[in-house]
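Colleague: the sequence isn't on hand, but the structure is:
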């Protein structure tokens, strides 16, 4: 089946530093990837839609200068959390649509803790 | 009004029983509806999706869709303790984006 590989699975960083999260589609090409954030006991909130070769589309309230998205190839999208602060600590998950009959598949998620 | 509303739970059923999970959505333009299962600390796993009115069965799972009522449900037959998780309803909205409900936490008691 279609697999989206996400790394790292967890990361702890100091306040003010930047963290990069990678998502790769392993056996299919993902023209579009979606980035979600999930706080404890809450649902997934869409942050942005990443399109290969073009600028990402951010949801209302998401700072595009803080959450940098790059989708340089059909198999790789990255999310960089810049100048991270403790309130950015969350579970970040990427997703890609595999096809009309397969739905959307998710990466394994990245647990970010900013100290 | 929230875009997607699910029965708040938590829902507790005995092993072997039928678990019923409900979801309503506000976007009448939604055409496809996805059910995901999420274990604590993990990312969501697709259970099934439905896009036609009526029922769709896959093993122990049955999804039901009523577009006129803007209602979708998931039935789990012969519930097992391993089914204990949070179940997320996600209509496909404009821009081919999934919009998630807050989820229903299900506990299946042995």
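Modeller: Structure's in. What do you need? Keep in mind that what you see is a predicted model, and the values were worked out from it rather than measured.

Colleague: all contacts plus neighbour counts: C-alpha atoms, from now on.
Modeller: Fine.

Colleague: so what's the backbone phi/psi at residue B:90?
Modeller: Phi and psi for residue B:90, reported as degrees, to the nearest 10, are phi -140, psi 100.

Colleague: pLDDT value on it, please?
Modeller: Per-residue confidence at residue B:90 stands at 94 (pLDDT).

Colleague: what does stretch A:39-49 contact?
Modeller: Outside stretch A:39-49, the residues within contact range by C-alpha atoms under 8 Å, 6 or more residues apart in numbering or on different chains are A:32-38, A:56-59, A:62, A:90-91, B:99-103.

Colleague: show me what counts as buried in it.
Modeller: For stretch A:39-49, the neighbour count (16 or more other C-alpha atoms under 10 Å in any protein chain shown) marks A:43-49 as buried.

Colleague: closest point of chain B to chain A, which residue?
Modeller: residue B:102 (4.6 Å; C-alpha to the nearest C-alpha).

Colleague: how about that residue, secondary structure?
Modeller: coil (DSSP: H, G, I helix; E, B strand; the rest coil).

Colleague: and the nearest residue to residue A:58 once chain neighbours are set aside, what are its bridge partners?
Modeller: Among residues not flanking residue A:58 along the chain, residue A:48 sits closest, at 4.2 Å (C-alpha to C-alpha, 6 or more residues apart in numbering or on different chains). Per DSSP bridges, the residues bridged to residue A:48 are residue A:35, residue A:58.

Colleague: check whether stretch B:37-56 contacts chain A.
Modeller: Yes: counting by C-alpha under 8 Å from any C-alpha of the partner chain, chain A is contacted by stretch B:37-56 at B:42-46, B:49.

Colleague: how about residue B:84, nearest residue that isn't a chain neighbour?
Modeller: Residue B:84 sits nearest to residue B:107 (C-alpha to C-alpha, 6+ apart), 4.5 Å away.

Colleague: please name the bridge partners of the one you found.
Modeller: So, taking DSSP bridges as the rule, residue B:107 has residue B:12 as bridge partners.

Colleague: which parts of chain A sit against chain B?
Modeller: Contacts of chain A with chain B, taken as C-alpha under 8 Å from any C-alpha, map to A:42-46, A:93, A:103-109.

Colleague: just send these back as a markdown table, with secondary structure too.
Modeller: As requested, these are exported to a markdown table (three-state DSSP):
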| residue | secondary structure |
| --- | --- |
| A:42 | coil |
| A:43 | coil |
| A:44 | coil |
| A:45 | strand |
| A:46 | strand |
| A:93 | strand |
| A:103 | strand |
| A:104 | strand |
| A:105 | strand |
| A:106 | strand |
| A:107 | coil |
| A:108 | coil |
| A:109 | coil |
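
Colleague: just name the lowest-scoring one in those, pLDDT-wise.
Modeller: residue A:103 (75).
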